[in-house]
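Student: Just the structure for this:
(2 chains)
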Amino acid sequence: DAGVIQSPRHEVTEMGQEVTLRCKPISGHDYLFWYRQTMMRGLELLIYFNNNVPIDDSGMPEDRFSAKMPNASFSTLKIQPSEPRDSAVYFCASSFGTSGVYETDTQYFGPGTRLTVL
Amino acid sequence: GNSVTQMEGPVTLSEEAFLTINCTYTATGYPSLFWYVQYPGEGLQLLLKATKADDKGSNKGFEATYRKETTSFHLEKGSVQVSDSAVYFCALPAGGTSYGKLTFGQGTILTVHP
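Tutor: The predicted structure follows:
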């Protein structure tokens, strides 16, 4: 398998512009996660989906951020309008979920999108 | 929910030195425990995991034993290499109703010098 695919790998934009990050999870995985990583705040979970349905978006910073998963093989994270403080590396990850609280399968991470907002 | 505490870094070692990175957890029940590694410029990848008490996970010379009596999952390697320089994350399921979600430690930066 090709693994989790993210695009673009690098994005440089100006403040106020719309940014769309894309993710293709591993085929057959039913969970998809969006994370943000910065030096100051570390790794943060923004939102995650199960079977294309958003389960928890409590990590989304504010209304400027939105995420969708229109089908099992594609998800987007959109920032509109973008601000310099959104500069970070954004990771998408997917996993094959199992039932029950105690069993969680391995999450597979994509290579990330490095976003710079000027 | 469950939580994890990871030793603060950064950790700097010489090649062939012994490595320990401490990880302790608080959890309901006995969830699986994970160590992830992030090499420079890459995403996180699973290094090893253990699914029940007294299990030992191992990979690439790294080991960690699931200790329920001390609620710990310390990462060890007998002889580190320059190529082991990376950030290491301890993780476990978030617990509660957060099915599928992992809780990560803050990460420990390891630098190995020749």
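Student: Can you list the buried residues in stretch A:13-20?
Tutor: For stretch A:13-20, the neighbour count (16 or more other CB atoms under 10 Å in any protein chain shown) marks A:Thr13, A:Val19 as buried. The way it works is simple: take the backbone N, C-alpha and C, and place the C-beta from them, glycine included.
Student: Need the residues that contact it.
Tutor: Residues outside stretch A:13-20 that contact it (CB atoms under 8 Å, 6 or more residues apart in numbering or on different chains) are A:11, A:76-84, A:86, A:115-118.
Student: Just the CA trace of that stretch, in CSV.
Tutor: Output in CSV follows, covering the C-alpha atoms of stretch A:13-20 (Å, rounded to 0.1, in the frame of the first residue of the first chain):
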residue,chain,number,x,y,z
THR,A,13,0.4,31.6,1.2
GLU,A,14,-0.4,35.1,2.3
MET,A,15,-2.5,36.1,5.3
GLY,A,16,-6.2,36.1,4.4
GLN,A,17,-6.0,33.5,1.7
GLU,A,18,-7.9,30.2,1.7
VAL,A,19,-5.8,27.1,2.2
THR,A,20,-7.0,23.5,1.5
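Student: what's the distance between it and the middle of its chain?
Tutor: 17 Å (CA atoms, centre = their mean, to the nearest Å).
Student: about what we covered before: mark which of the contacts of stretch A:13-20 are part of strands, please.
Tutor: By the criterion of DSSP state E, membership of the contacts of stretch A:13-20 in strands covers A:Glu11, A:Thr76, A:Leu77, A:Lys78, A:Ile79, A:Leu115, A:Thr116, A:Val117.
Student: from those, which two are the most distant?
Tutor: The span of those, defined through CB to CB, is set by A:Thr76 and A:Thr116 at 19.0 Å.
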